[in-house]
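Participant: Mind folding the following:
(one chain, ligands or ions: 2)
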Amino acid sequence: MRVAFVGKGGSGKTTLSALFSRHLARSGAPVVAIDGDINQHLAQALGLDDGETFDAPPLSARLAEIKDHLRGDNPRITSSAAMIKTTPPGRGSRLLRLLGDDAVHAHHVQNVGGVPLMVTGEFDESDLGVACYHSKLGAVELYLNHLVDGPGEYVVVDMTAGADAFASGLFTRFDMTFLVAEPTRKGVSVYRQYRDHAEEFGIPVAVVGNKVTGEDDLLFLKEHVGDHLLAYFEQSSWVRSQERGRPQGDLEPHNVHALRQLRTALDGRTKDWEAFQKHAVEFHLRNAAAWADKATGSDLSAQVDPGFRHGPAALGSASA
Ligand SMILES: Nc1ncnc2c1ncn2[C@@H]1O[C@H](COP(=O)(O)OS(=O)(=O)O)[C@@H](OP(=O)(O)O)[C@H]1O
Ligand SMILES: Nc1ncnc2c1ncn2[C@@H]1O[C@H](COP(=O)(O)OP(=O)(O)O)[C@@H](O)[C@H]1O
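Facilitator: Ligands and ions are numbered 1, 2, ... in the order given. Below you'll find the predicted structure:
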(Lines give C-alpha, C1' and ligand atoms only; values in the text may rest on other atoms or scores of the structure.)
(Ligands and ions follow the chains in the order given, each with its own letter.)
Protein backbone atom coordinates (compact mmCIF):
# COMPACT_ATOMS: atom_id res chain seq x y z
CA MET A 1 0.00 0.00 0.00
CA ARG A 2 1.26 3.44 -0.87
CA VAL A 3 0.22 6.56 0.94
CA ALA A 4 1.01 10.22 0.40
CA PHE A 5 0.78 12.93 3.01
CA VAL A 6 -0.15 16.23 1.38
CA GLY A 7 -1.29 19.61 2.64
CA LYS A 8 -0.22 23.14 3.19
CA GLY A 9 3.39 23.80 4.23
CA GLY A 10 3.61 23.72 8.02
CA SER A 11 0.43 21.68 8.44
CA GLY A 12 2.37 18.70 9.76
CA LYS A 13 2.88 16.48 6.70
CA THR A 14 6.44 15.64 7.69
CA THR A 15 5.57 15.08 11.33
CA LEU A 16 2.67 12.76 10.51
CA SER A 17 4.65 10.95 7.78
CA ALA A 18 7.33 10.24 10.36
CA LEU A 19 4.90 9.17 13.08
CA PHE A 20 3.01 6.92 10.69
CA SER A 21 6.14 5.33 9.19
CA ARG A 22 7.49 4.61 12.64
CA HIS A 23 4.14 3.25 13.79
CA LEU A 24 4.15 0.80 10.86
CA ALA A 25 7.81 -0.15 11.23
CA ARG A 26 7.42 -0.82 14.95
CA SER A 27 4.58 -3.21 14.24
CA GLY A 28 7.06 -5.24 12.18
CA ALA A 29 5.62 -4.26 8.79
CA PRO A 30 8.00 -3.62 5.87
CA VAL A 31 8.01 0.14 5.23
CA VAL A 32 9.86 2.58 3.01
CA ALA A 33 9.49 6.26 3.80
CA ILE A 34 10.26 8.78 1.05
CA ASP A 35 10.96 12.44 1.60
CA GLY A 36 9.42 14.13 -1.43
CA ASP A 37 8.94 17.48 0.26
CA ILE A 38 10.71 20.53 -1.05
CA ASN A 39 11.90 21.09 2.51
CA GLN A 40 13.75 17.90 3.26
CA HIS A 41 13.14 17.29 6.97
CA LEU A 42 11.81 13.77 7.18
CA ALA A 43 15.13 12.32 8.36
CA GLN A 44 15.15 14.74 11.31
CA ALA A 45 11.53 14.00 12.09
CA LEU A 46 12.39 10.29 12.14
CA GLY A 47 14.99 11.03 14.75
CA LEU A 48 18.24 11.67 12.88
CA ASP A 49 20.41 13.17 15.58
CA ASP A 50 22.24 16.46 15.21
CA GLY A 51 25.59 14.69 14.91
CA GLU A 52 24.30 12.15 12.37
CA THR A 53 24.05 12.66 8.62
CA PHE A 54 21.88 11.13 5.94
CA ASP A 55 24.50 9.74 3.59
CA ALA A 56 22.52 7.83 0.97
CA PRO A 57 22.40 9.79 -2.30
CA PRO A 58 19.11 11.49 -3.15
CA LEU A 59 17.05 9.78 -5.83
CA SER A 60 17.27 12.85 -8.06
CA ALA A 61 21.08 12.59 -8.12
CA ARG A 62 20.94 9.24 -9.90
CA LEU A 63 17.96 9.69 -12.19
CA ALA A 64 19.75 8.38 -15.31
CA GLU A 65 21.01 5.27 -13.47
CA ILE A 66 17.55 4.63 -12.03
CA LYS A 67 16.02 4.92 -15.49
CA ASP A 68 18.61 2.57 -16.93
CA HIS A 69 17.94 0.04 -14.25
CA LEU A 70 14.16 0.21 -14.55
CA ARG A 71 13.97 0.02 -18.33
CA GLY A 72 15.75 -3.37 -18.14
CA ASP A 73 15.46 -4.86 -21.59
CA ASN A 74 12.11 -3.37 -22.47
CA PRO A 75 12.47 -3.03 -26.26
CA ARG A 76 10.16 0.01 -26.33
CA ILE A 77 12.55 2.09 -24.21
CA THR A 78 15.82 2.22 -26.08
CA SER A 79 17.84 4.48 -23.77
CA SER A 80 17.60 6.21 -20.43
CA ALA A 81 17.51 9.51 -22.33
CA ALA A 82 14.29 8.43 -24.00
CA MET A 83 12.71 7.55 -20.66
CA ILE A 84 10.79 10.28 -18.88
CA LYS A 85 9.36 10.23 -15.38
CA THR A 86 5.97 9.07 -16.63
CA THR A 87 7.27 6.27 -18.90
CA PRO A 88 5.22 3.32 -17.71
CA PRO A 89 6.66 -0.16 -17.27
CA GLY A 90 6.10 -2.71 -20.00
CA ARG A 91 7.26 -6.22 -20.78
CA GLY A 92 11.01 -6.38 -20.18
CA SER A 93 11.03 -3.53 -17.63
CA ARG A 94 12.49 -4.23 -14.23
CA LEU A 95 9.86 -4.26 -11.52
CA LEU A 96 10.77 -3.63 -7.91
CA ARG A 97 9.64 -5.35 -4.75
CA LEU A 98 9.53 -3.37 -1.57
CA LEU A 99 13.04 -3.32 -0.06
CA GLY A 100 14.04 -5.86 -2.70
CA ASP A 101 17.57 -6.79 -3.60
CA ASP A 102 17.93 -4.20 -6.39
CA ALA A 103 20.07 -1.22 -7.36
CA VAL A 104 17.49 1.39 -6.34
CA HIS A 105 17.00 0.22 -2.76
CA ALA A 106 20.68 -0.70 -2.41
CA HIS A 107 21.87 2.82 -3.26
CA HIS A 108 19.18 5.01 -1.79
CA VAL A 109 17.86 3.49 1.41
CA GLN A 110 19.28 4.45 4.78
CA ASN A 111 17.74 3.39 8.04
CA VAL A 112 16.75 6.30 10.27
CA GLY A 113 15.15 5.63 13.64
CA GLY A 114 14.21 2.11 12.55
CA VAL A 115 12.60 3.28 9.29
CA PRO A 116 14.18 2.71 5.84
CA LEU A 117 14.23 6.14 4.22
CA MET A 118 14.91 7.47 0.70
CA VAL A 119 15.05 11.18 -0.14
CA THR A 120 14.41 13.05 -3.40
CA GLY A 121 16.93 15.79 -2.74
CA GLU A 122 17.09 19.44 -1.82
CA PHE A 123 15.82 22.05 -4.17
CA ASP A 124 19.06 23.99 -4.21
CA GLU A 125 20.41 27.29 -5.54
CA SER A 126 21.31 25.77 -8.92
CA ASP A 127 17.65 24.78 -9.44
CA LEU A 128 16.28 28.23 -8.80
CA GLY A 129 14.57 29.66 -11.86
CA VAL A 130 15.58 26.75 -14.10
CA ALA A 131 13.64 23.80 -12.82
CA CYS A 132 10.54 23.00 -10.87
CA TYR A 133 10.44 20.63 -7.98
CA HIS A 134 8.74 18.08 -10.25
CA SER A 135 12.18 17.35 -11.68
CA LYS A 136 13.14 16.03 -8.23
CA LEU A 137 9.90 14.12 -7.88
CA GLY A 138 10.43 12.31 -11.21
CA ALA A 139 12.43 9.57 -9.53
CA VAL A 140 9.66 8.99 -6.99
CA GLU A 141 7.16 8.61 -9.79
CA LEU A 142 9.40 6.13 -11.62
CA TYR A 143 9.95 4.20 -8.40
CA LEU A 144 6.22 3.97 -7.68
CA ASN A 145 5.39 3.10 -11.28
CA HIS A 146 7.76 0.14 -11.19
CA LEU A 147 7.04 -1.05 -7.66
CA VAL A 148 4.88 -4.10 -7.00
CA ASP A 149 4.01 -3.73 -3.34
CA GLY A 150 2.29 -6.63 -1.66
CA PRO A 151 -0.32 -6.69 1.10
CA GLY A 152 1.05 -5.55 4.45
CA GLU A 153 3.89 -3.59 2.81
CA TYR A 154 3.92 0.19 2.95
CA VAL A 155 5.40 3.17 1.17
CA VAL A 156 4.88 6.49 2.95
CA VAL A 157 5.62 9.62 0.92
CA ASP A 158 5.93 13.04 2.50
CA MET A 159 4.85 15.09 -0.50
CA THR A 160 5.64 18.60 -1.47
CA ALA A 161 2.94 21.18 -0.89
CA GLY A 162 1.34 22.81 -3.87
CA ALA A 163 0.60 22.07 -7.48
CA ASP A 164 3.81 20.21 -8.44
CA ALA A 165 2.20 16.97 -7.31
CA PHE A 166 -0.46 17.35 -10.00
CA ALA A 167 1.89 18.22 -12.86
CA SER A 168 2.81 14.70 -13.87
CA GLY A 169 0.19 12.44 -12.40
CA LEU A 170 2.19 11.50 -9.32
CA PHE A 171 -0.91 12.04 -7.21
CA THR A 172 -2.56 9.04 -8.93
CA ARG A 173 0.17 6.63 -7.75
CA PHE A 174 -1.19 6.11 -4.23
CA ASP A 175 -3.71 3.79 -2.67
CA MET A 176 -4.64 6.59 -0.32
CA THR A 177 -3.79 10.25 0.12
CA PHE A 178 -3.95 11.78 3.55
CA LEU A 179 -4.52 15.48 3.39
CA VAL A 180 -3.21 17.06 6.56
CA ALA A 181 -5.26 20.08 7.57
CA GLU A 182 -4.95 22.44 10.47
CA PRO A 183 -8.26 23.81 11.70
CA THR A 184 -7.85 27.14 9.89
CA ARG A 185 -9.29 28.59 6.70
CA LYS A 186 -5.97 28.23 4.90
CA GLY A 187 -5.66 24.68 6.16
CA VAL A 188 -8.94 23.59 4.61
CA SER A 189 -8.50 25.57 1.38
CA VAL A 190 -5.84 23.12 0.15
CA TYR A 191 -8.38 20.38 0.73
CA ARG A 192 -10.78 21.88 -1.83
CA GLN A 193 -8.06 22.13 -4.47
CA TYR A 194 -6.96 18.55 -3.89
CA ARG A 195 -10.50 17.18 -3.70
CA ASP A 196 -11.33 18.52 -7.14
CA HIS A 197 -8.29 16.92 -8.79
CA ALA A 198 -8.85 13.69 -6.91
CA GLU A 199 -12.52 13.42 -7.83
CA GLU A 200 -11.69 13.75 -11.49
CA PHE A 201 -9.48 10.65 -11.29
CA GLY A 202 -11.30 8.66 -8.62
CA ILE A 203 -8.40 9.03 -6.17
CA PRO A 204 -9.17 8.28 -2.51
CA VAL A 205 -8.43 11.26 -0.28
CA ALA A 206 -9.03 11.43 3.45
CA VAL A 207 -8.55 14.52 5.57
CA VAL A 208 -6.45 14.19 8.69
CA GLY A 209 -6.85 17.05 11.13
CA ASN A 210 -3.73 18.16 12.93
CA LYS A 211 -2.80 20.38 15.89
CA VAL A 212 -6.33 20.18 17.21
CA THR A 213 -6.60 21.80 20.62
CA GLY A 214 -10.28 21.53 21.48
CA GLU A 215 -13.90 21.12 20.51
CA ASP A 216 -13.96 24.35 18.45
CA ASP A 217 -11.12 23.12 16.25
CA LEU A 218 -12.86 19.85 15.65
CA LEU A 219 -16.17 21.51 14.83
CA PHE A 220 -14.42 23.80 12.36
CA LEU A 221 -12.87 20.83 10.55
CA LYS A 222 -16.13 18.91 10.48
CA GLU A 223 -17.99 21.93 9.17
CA HIS A 224 -15.53 22.36 6.27
CA VAL A 225 -14.61 18.83 5.27
CA GLY A 226 -17.56 16.83 6.58
CA ASP A 227 -17.33 13.09 6.05
CA HIS A 228 -13.87 13.38 4.53
CA LEU A 229 -12.45 13.86 8.03
CA LEU A 230 -10.93 10.46 8.77
CA ALA A 231 -9.08 11.20 12.00
CA TYR A 232 -7.42 14.03 13.85
CA PHE A 233 -4.24 14.52 15.80
CA GLU A 234 -4.13 16.73 18.82
CA GLN A 235 -1.47 19.31 19.52
CA SER A 236 1.25 17.07 20.93
CA SER A 237 3.72 17.91 23.64
CA TRP A 238 5.55 14.71 22.74
CA VAL A 239 6.08 15.98 19.17
CA ARG A 240 7.25 19.29 20.56
CA SER A 241 9.71 17.65 22.95
CA GLN A 242 11.01 15.43 20.15
CA GLU A 243 11.54 18.47 17.98
CA ARG A 244 13.64 19.97 20.75
CA GLY A 245 15.79 16.84 20.64
CA ARG A 246 14.60 15.63 24.05
CA PRO A 247 11.64 13.28 23.51
CA GLN A 248 9.87 12.68 26.80
CA GLY A 249 7.61 9.73 27.49
CA ASP A 250 5.40 8.37 24.73
CA LEU A 251 3.11 9.78 22.08
CA GLU A 252 -0.27 10.67 23.63
CA PRO A 253 -2.91 7.88 23.53
CA HIS A 254 -5.27 9.94 21.39
CA ASN A 255 -2.56 10.43 18.77
CA VAL A 256 -1.65 6.73 18.83
CA HIS A 257 -5.33 5.99 18.24
CA ALA A 258 -5.31 8.36 15.25
CA LEU A 259 -2.32 6.48 13.78
CA ARG A 260 -4.27 3.23 14.09
CA GLN A 261 -7.21 4.84 12.30
CA LEU A 262 -4.94 5.82 9.41
CA ARG A 263 -3.61 2.30 9.12
CA THR A 264 -7.07 0.74 9.22
CA ALA A 265 -8.21 3.07 6.44
CA LEU A 266 -5.19 2.25 4.33
CA ASP A 267 -5.45 -1.49 4.92
CA GLY A 268 -9.07 -1.32 3.85
CA ARG A 269 -8.15 -0.27 0.33
CA THR A 270 -8.19 -2.82 -2.47
CA LYS A 271 -5.45 -2.61 -5.03
CA ASP A 272 -6.60 -2.07 -8.57
CA TRP A 273 -3.50 -2.64 -10.70
CA GLU A 274 -5.44 -2.19 -13.90
CA ALA A 275 -6.69 1.28 -12.94
CA PHE A 276 -3.23 2.14 -11.70
CA GLN A 277 -1.59 1.28 -15.03
CA LYS A 278 -4.39 3.01 -16.92
CA HIS A 279 -3.67 6.26 -15.08
CA ALA A 280 0.06 5.84 -15.64
CA VAL A 281 -0.48 5.47 -19.38
CA GLU A 282 -2.94 8.34 -19.50
CA PHE A 283 -0.54 10.75 -17.81
CA HIS A 284 2.35 9.53 -19.90
CA LEU A 285 0.44 10.31 -23.08
CA ARG A 286 -0.51 13.73 -21.72
CA ASN A 287 3.10 14.54 -20.87
CA ALA A 288 4.27 13.22 -24.23
CA ALA A 289 1.89 15.49 -26.09
CA ALA A 290 2.42 18.53 -23.84
CA TRP A 291 6.23 18.70 -23.77
CA ALA A 292 8.11 15.42 -23.79
CA ASP A 293 7.80 14.35 -27.44
CA LYS A 294 9.32 17.66 -28.36
CA ALA A 295 11.96 17.51 -25.62
CA THR A 296 13.12 14.00 -26.56
CA GLY A 297 12.54 14.27 -30.32
CA SER A 298 10.59 11.03 -30.37
CA ASP A 299 7.07 9.68 -30.26
CA LEU A 300 6.79 8.62 -26.63
CA SER A 301 3.38 7.07 -27.07
CA ALA A 302 5.28 4.14 -28.62
CA GLN A 303 6.66 3.38 -25.12
CA VAL A 304 3.25 2.18 -23.98
CA ASP A 305 3.05 -1.60 -24.04
CA PRO A 306 -0.62 -2.51 -24.56
CA GLY A 307 0.07 -6.15 -23.69
CA PHE A 308 1.54 -5.42 -20.24
CA ARG A 309 -0.49 -6.27 -17.13
CA HIS A 310 0.88 -4.66 -13.99
CA GLY A 311 0.81 -6.32 -10.59
CA PRO A 312 2.21 -9.37 -8.79
CA ALA A 313 1.75 -11.62 -11.83
CA ALA A 314 4.05 -9.34 -13.84
CA LEU A 315 6.95 -9.98 -11.41
CA GLY A 316 7.59 -13.43 -12.85
CA SER A 317 8.05 -12.19 -16.40
CA ALA A 318 10.00 -9.00 -15.62
CA SER A 319 13.72 -8.53 -16.30
CA ALA A 320 15.93 -9.95 -13.59
N1 LIG B 1 4.87 18.95 -16.85
C2 LIG B 1 5.86 19.56 -17.51
N3 LIG B 1 5.59 20.59 -18.33
C4 LIG B 1 6.57 21.20 -19.01
N5 LIG B 1 7.88 20.88 -18.91
C6 LIG B 1 8.21 19.87 -18.12
C7 LIG B 1 7.22 19.16 -17.36
N8 LIG B 1 7.85 18.22 -16.63
C9 LIG B 1 9.15 18.34 -16.91
N10 LIG B 1 9.37 19.32 -17.80
C11 LIG B 1 10.66 19.74 -18.31
O12 LIG B 1 11.26 18.67 -19.04
C13 LIG B 1 12.63 18.51 -18.68
C14 LIG B 1 12.90 17.14 -18.08
O15 LIG B 1 12.00 16.88 -17.05
P16 LIG B 1 12.36 16.15 -15.72
O17 LIG B 1 13.74 16.52 -15.29
O18 LIG B 1 11.24 16.37 -14.77
O19 LIG B 1 12.46 14.64 -15.94
S20 LIG B 1 12.09 13.59 -17.00
O21 LIG B 1 12.73 13.91 -18.29
O22 LIG B 1 10.65 13.46 -17.11
O23 LIG B 1 12.67 12.40 -16.40
C24 LIG B 1 12.92 19.63 -17.71
O25 LIG B 1 13.40 20.72 -18.46
P26 LIG B 1 14.94 21.16 -18.45
O27 LIG B 1 15.19 21.53 -17.01
O28 LIG B 1 14.99 22.32 -19.39
O29 LIG B 1 15.73 19.96 -18.89
C30 LIG B 1 11.58 19.96 -17.14
O31 LIG B 1 11.49 21.29 -16.69
N1 LIG C 1 0.37 17.33 16.30
C2 LIG C 1 1.36 18.21 16.50
N3 LIG C 1 1.62 18.67 17.74
C4 LIG C 1 2.59 19.57 17.97
N5 LIG C 1 3.37 20.10 17.02
C6 LIG C 1 3.16 19.69 15.75
C7 LIG C 1 2.16 18.71 15.42
N8 LIG C 1 2.20 18.50 14.10
C9 LIG C 1 3.19 19.28 13.61
N10 LIG C 1 3.76 20.00 14.60
C11 LIG C 1 4.84 21.01 14.44
O12 LIG C 1 4.45 21.94 13.42
C13 LIG C 1 5.58 22.33 12.65
C14 LIG C 1 5.35 22.05 11.17
O15 LIG C 1 5.24 20.65 10.98
P16 LIG C 1 5.88 19.89 9.73
O17 LIG C 1 5.59 18.44 9.94
O18 LIG C 1 7.28 20.30 9.51
O19 LIG C 1 4.95 20.48 8.57
P20 LIG C 1 5.02 20.29 6.96
O21 LIG C 1 5.81 19.05 6.67
O22 LIG C 1 3.58 20.14 6.56
O23 LIG C 1 5.62 21.55 6.42
C24 LIG C 1 6.77 21.56 13.22
O25 LIG C 1 7.42 22.41 14.14
C26 LIG C 1 6.12 20.38 13.95
O27 LIG C 1 6.88 19.90 15.01
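
Participant: Check which helix or strand the residue positioned nearest the centre of the chain maps to.
Facilitator: Centroid-nearest residue in the chain: residue 157, 3.0 Å away (criterion: CA atoms, centre = their mean). According to DSSP states H and E, residue 157 maps onto strand 154-159.

Participant: And that strand, how far out from the chain middle?
Facilitator: On the basis of CA atoms, centre = their mean, to the nearest Å, strand 154-159 sits 4 Å off its chain's mean C-alpha point.

Participant: Does that strand pack against any helices or strands, and if so which?
Facilitator: Here strand 154-159 touches strand 2-7, helix 13-26, strand 31-36, going by 3 or more CB pairs under 8 Å, 6 or more residues apart in numbering; DSSP states H and E. In this view, the C-beta of every residue, glycine as well, is placed from N, C-alpha and C.

Participant: Minimum distance to ligand 2: which of those has it?
Facilitator: helix 13-26 (3.2 Å; CB to the nearest ligand atom).

Participant: quick check: angle from the closest one to strand 2-7?
Facilitator: Put simply, helix 13-26 runs at 150 degrees to strand 2-7, going by axes from the mean of the first three to the mean of the last three CA atoms, to 10 degrees.

Participant: just to revisit the earlier point, who are the contact partners of the residue nearest to the centre of the chain?
Facilitator: Residue 157 sits next to 2-5, 17, 33-34, 36, 140, 174 when contact means CB atoms under 8 Å, 6 or more residues apart in numbering.

Participant: again, 6 Å this time
Facilitator: By CB atoms under 6 Å, 6 or more residues apart in numbering, the contact set of residue 157 is 4, 34, 36.

Participant: Let's see the pLDDT reported for the last one.
Facilitator: So that's residue 36. pLDDT for residue 36: 92.

Participant: Just list the residues touching residue 182, thanks.
Facilitator: Going by CB under 6 Å, 6+ apart, residue 182 touches 11, 210-211.

Participant: and if we set it to 10 Å?
Facilitator: Residue 182 makes contact with 7-8, 10-12, 188, 190, 209-212, 217, 220-221, according to CB atoms under 10 Å, 6 or more residues apart in numbering.

Participant: hang on, the earlier thing: what's the average pLDDT for the strand holding residue 157?
Facilitator: The average pLDDT within strand 154-159 is 96.

Participant: That strand pairs with which strands, parallel or anti?
Facilitator: Using DSSP bridges, strand 154-159 pairs in its sheet with strand 2-7 (parallel), strand 31-36 (parallel).

Participant: Could you pull out the strands in this protein for me?
Facilitator: 2-7, 31-36, 96-97, 110-112, 115-119, 147-148, 154-159, 176-181, 205-212, 229-234 (DSSP state E).

Participant: Please list the residues of the stretch 151-300 of the chain that sit near ligand 2.
Facilitator: 210-211, 233, 235-236, 239-240, 243 (CB under 6 Å from any ligand atom).

Participant: which one's the longest helix in the protein?
Facilitator: In the chain, with assignment by DSSP state H, the single longest helix is helix 185-201.

Participant: What helices and strands are in contact with it?
Facilitator: The contact analysis (3 or more CB pairs under 10 Å, 6 or more residues apart in numbering; DSSP states H and E) places helix 185-201 against strand 2-7, helix 164-167, strand 176-181, strand 205-212, helix 215-225, helix 273-287.

Participant: ok, now with 7 Å
Facilitator: strand 176-181, strand 205-212, helix 215-225 (3 or more CB pairs under 7 Å, 6 or more residues apart in numbering; DSSP states H and E).

Participant: Quick one: the ones you listed as CSV, columns for mean neighbour count, distance to residue 167 and mean pLDDT too.
Facilitator: Listed next are the helices and strands packed on helix 185-201 as CSV, based on neighbours: other CB atoms under 10 Å; distance: least, CB to CB, whole Å; pLDDT from 0 to 100:
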stretch, mean neighbour count, distance to residue 167, mean pLDDT
strand 176-181, 26, 16, 94
strand 205-212, 24, 18, 96
helix 215-225, 16, 25, 95
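
Participant: could I get those as TSV with distance to ligand 1?
Facilitator: Shown next, in TSV, are the helices and strands packed on helix 185-201 (distance: least, CB to the nearest ligand atom, whole Å):
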stretch	distance to ligand 1
strand 176-181	20
strand 205-212	22
helix 215-225	29
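
Participant: Make JSON lines from these and add distance to residue 256 to it.
Facilitator: Shown next, in JSON lines, are the helices and strands packed on helix 185-201 (distance: least, CB to CB, whole Å):
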{"stretch": "strand 176-181", "distance to residue 256": "16"}
{"stretch": "strand 205-212", "distance to residue 256": "14"}
{"stretch": "helix 215-225", "distance to residue 256": "18"}
